[in-house]
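[1] Below are the sequence and a predicted model; questions follow.
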Amino acid sequence: MGTVLVRIARLAFAGLGIAAIVSAVTATTGSLGNFFSYFTIESNMLAIVVLIVGGLVRGPIAHWYPYPFLDPRHEGGGYGRVALYAVVLAVAMGLLAAGVNAIGRRRGGALGGRHRVTSLS
């Protein structure tokens with residue numbers, strides 16, 4: 001009897017989770033692609049942080065770094081040089097993204113200038 005109730009509760013919570021996602025999509029963006037593109041950006045940023053931190057933690061143990069710019073032994077300089085490379089790469093990618101965004105706005109965006117704005121309240 002107890003396992004049946006647990007299964008019913010799991011199905012109910014799964015249904016509530018799906019309903020919450022559908023509600024969030026329709027209330028904020030109206031577009032499934034636009035909604036999940038935010039999570040793609042966030043997951044990519046998290047992956048970058050995990051790769052950098054993981055590489056710096058695991059590198060001295062395994063004596064191997066995934067990229068030469070993460071190796072503090074490479075060309076001297078230590079961790080300060082690694083931090084400088086990470087900041088320079090982040091700024092360069094940010095400027096590249098800003099440039100792509102500016103070009104998209106100048107051209108009218110993917111929807112040809114017809115953007116739908118919705119209220120969050």
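    Here it is on my side, so go on. Predicted model only: the values in this text are computed from it and were never measured.

[2] which residue packs closest to G59, ignoring adjacent ones?
    The spatial neighbour of G59 that comes closest, neighbours along the chain excluded (CB to CB, 6 or more residues apart in numbering), is Y65 at 4.4 Å. For glycine as for every other residue, the C-beta is placed from the backbone atoms N, C-alpha and C.

[3] where does that neighbour land on pLDDT?
    Per-residue pLDDT puts Y65 at 84.

[4] ok, now G113?
    Looking at G113, its pLDDT reads 53.

[5] Lowest mean pLDDT among the helices and strands of this structure, which one is it?
    When the helices and strands of the chain are scored by mean pLDDT, DSSP states H and E, helix 32-62 comes last with a mean of 77.

[6] Next SSE downstream of that one?
    Towards the C-terminus, the helix or strand next in line after helix 32-62, according to DSSP states H and E, is helix 78-107.

[7] Break the chain down into its domains, please.
    Structurally, the chain divides into domains by automatic domain parsing as follows: 1-30, 32-107.

[8] picking that back up, doesn't D71 make contact with the residue nearest to G59?
    Yes: between Y65 and D71 there is a contact under CB atoms under 8 Å: 4.0 Å.

[9] On the three-state scheme, R7 is what?
    helix (DSSP: H, G, I helix; E, B strand; the rest coil).
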